[in-house]
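A.B. asks: Dropping the sequence and predicted coords here.
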Amino acid sequence: MSEYYAAIEAGGTKFNCALMNSNREIIELTRIATTTPQETISQVLAFYRPLQALYKIKSLGLASFGPMDLNANSGNYGGIAKTPKPSWSYTPLSQKLNAELGLPVFFDTDVNGAILAEYLWGKAQNSKVAVYVTIGTGVGGGIIVNGHILNGLHHPEMGHMLLPTKEDNNGHCPFHGNCLEGLAAGPSIQKTWQEKAENLADDHPAWQQQVDHIAAFCHNLIVTLGPEKIILGGGVLQKPGLLEKIAPQCEEKLNQYLTLPQTLDEIIVAPSLGDKSGLYGALALAMGHGSHQINC
Ligand code: ADP
Ligand code: ZN
């Protein structure tokens, strides 16, 4: 018999809320705009409450935009941490869902959910170490090691890895300037070139720089983690031809230092779960494959 789970992909612009079963089928789905915490959460509750009367929902998985507080000793465990996003700082998101719906809530960041889903059902299957990175409005990433999502004092913030650049190429991160997010996220490309990334021609110099930044980032990940997969997604990677150029550039940077059992274009790949990866991540968490939960 199928088991039912609530799966929430909580994004900066919308919350995708689903009722799913253990076969990854979506039974019910709704999209709720991310406005104020009060308004958004009350709509999420209004979606799930009638479903609880119809289905025996086992648990809720929440794959959320970050930063999330994943420190079990913190009073805000499972909540949104300090964020520039108006009114969402310190919102006790998981706590509230748990208290209001009476369901165990399993939570993690959206990108940690995504790497978990890729590990269970996608490109990272059978990998000892794999990384998922999204380059879009910002840059976020999750790492899985032997089936466990890697979380230390905080969840990985690899979008803020500093990268080498030429002096005239200043990044736009308000904290670090030349980190990957400051150099290569969509809004950073737009600031540098005064044009939306999707409107830049194929032969625009922006793209070679983009390849260079992402290849440097992959180089750093490879020498640090030895990943079998680096899964690169997000809006900026929608640029046709961009992904394919990264492996050769990374190869050049590594300069034959490592002897790898697979080629770099087998390591640096696109995601495989498409637009469902966020919900699959939330489902994977709900099914107990993550490591954070609130269960009162
Ligand atoms: P989010 O990070 O908010 O989830 P996306 O992953 O969709 O959003 O990324 C949005 C960013 O991707 C925008 O900054 C946009 O300029 C950029 N983008 C969208 N489509 C393309 C494209 N075809 N080529 C390059 N950049 C793109
Ligand atoms: Zn930064």
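C.D. replies: Yep, that arrived. Ligands and ions are numbered 1, 2, ... in the order given.
A.B. asks: what's the nearest residue to Phe65 if we skip its chain neighbours?
C.D. replies: Distances taken as Cβ to Cβ, 6 or more residues apart in numbering place Gly12 nearest to Phe65, at 4.9 Å, with adjacent residues excluded. Every C-beta, even on glycine, is put in place using the N, C-alpha and C of the backbone.
A.B. asks: number of nearby residues for whatever residue of the stretch 151-296 of the chain ends up closest to ligand 1?
C.D. replies: Nearest residue of the stretch 151-296 of the chain to ligand 1 (Cβ to the nearest ligand atom) works out as Gly186 at 1.8 Å. Gly186 is surrounded by 19 other residues when neighbours are defined as other Cβ atoms under 10 Å.
A.B. asks: what packs against the helix or strand hosting Ile222?
C.D. replies: Assessed by DSSP states H and E, Ile222 sits inside helix 205-225. Using 3 or more Cβ pairs under 8 Å, 6 or more residues apart in numbering; DSSP states H and E as the contact definition, the elements that helix 205-225 packs against are strand 129-135, helix 180-184, helix 186-193, strand 229-233, helix 242-254.
A.B. asks: any chance of these in TSV, with distance to Lys82 too?
C.D. replies: Below are the helices and strands packed on helix 205-225 laid out as TSV (distance: least, Cβ to Cβ, whole Å):
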stretch	distance to Lys82
strand 129-135	21
helix 180-184	17
helix 186-193	20
strand 229-233	26
helix 242-254	32
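A.B. asks: Quick one: closest of those to ligand 2.
C.D. replies: Between ligand 2 and the helices and strands packed on helix 205-225, the tightest spacing by Cβ to the ion is seen for helix 180-184, at 5.0 Å.
A.B. asks: Can I get the closest one in PDB, CA atoms only?
C.D. replies: Output in PDB follows, covering the C-alpha atoms of helix 180-184 (Å, rounded to 0.1, in the frame of the first residue of the first chain):
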ATOM      1  CA  LEU A 180      31.100  32.600  -7.600                       C
ATOM      2  CA  GLU A 181      27.800  34.200  -6.800                       C
ATOM      3  CA  GLY A 182      29.200  37.700  -7.200                       C
ATOM      4  CA  LEU A 183      30.700  36.800 -10.600                       C
ATOM      5  CA  ALA A 184      28.500  34.200 -12.200                       C
END
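A.B. asks: Would you tell me whether that helix gets close to ligand 1?
C.D. replies: No: between helix 180-184 and ligand 1, judged by Cβ under 6 Å from any ligand atom, nothing touches; the nearest distance is 10.2 Å.
A.B. asks: What residues does the one residue sitting closest to the centre of the chain make contact with?
C.D. replies: The C-alpha lying nearest the average C-alpha coordinate of the chain belongs to Val111 (Cα atoms, centre = their mean; 2.0 Å). The neighbours of Val111, taking Cβ atoms under 8 Å, 6 or more residues apart in numbering as the test, are 66, 132-134, 140-142.
A.B. asks: try His204
C.D. replies: The neighbours of His204, taking Cβ under 8 Å, 6+ apart as the test, are Trp193.
A.B. asks: So it versus ligand 2, what's the distance?
C.D. replies: Distance of His204 to ligand 2, given as Cβ to the ion, to the nearest Å: 24 Å.
A.B. asks: Show me where the protein has its strands.
C.D. replies: In order along the chain, the chain carries the following strands (DSSP state E): 4-10, 14-21, 26-33, 57-64, 105-109, 129-135, 139-145, 148-149, 229-233, 268-269, 293-294.
A.B. asks: what mean pLDDT would you report for the last one?
C.D. replies: The pLDDT scores in strand 293-294 average 96.
A.B. asks: which residues are contacting that strand?
C.D. replies: Contacts of strand 293-294 with the rest of the structure, by Cβ under 8 Å, 6+ apart, involve 77-78, 94-95, 98, 104-107.
A.B. asks: give me that answer again for 7 Å
C.D. replies: For strand 293-294, the external contacting residues (Cβ atoms under 7 Å, 6 or more residues apart in numbering) are 77-78, 94-95, 98, 104-106.
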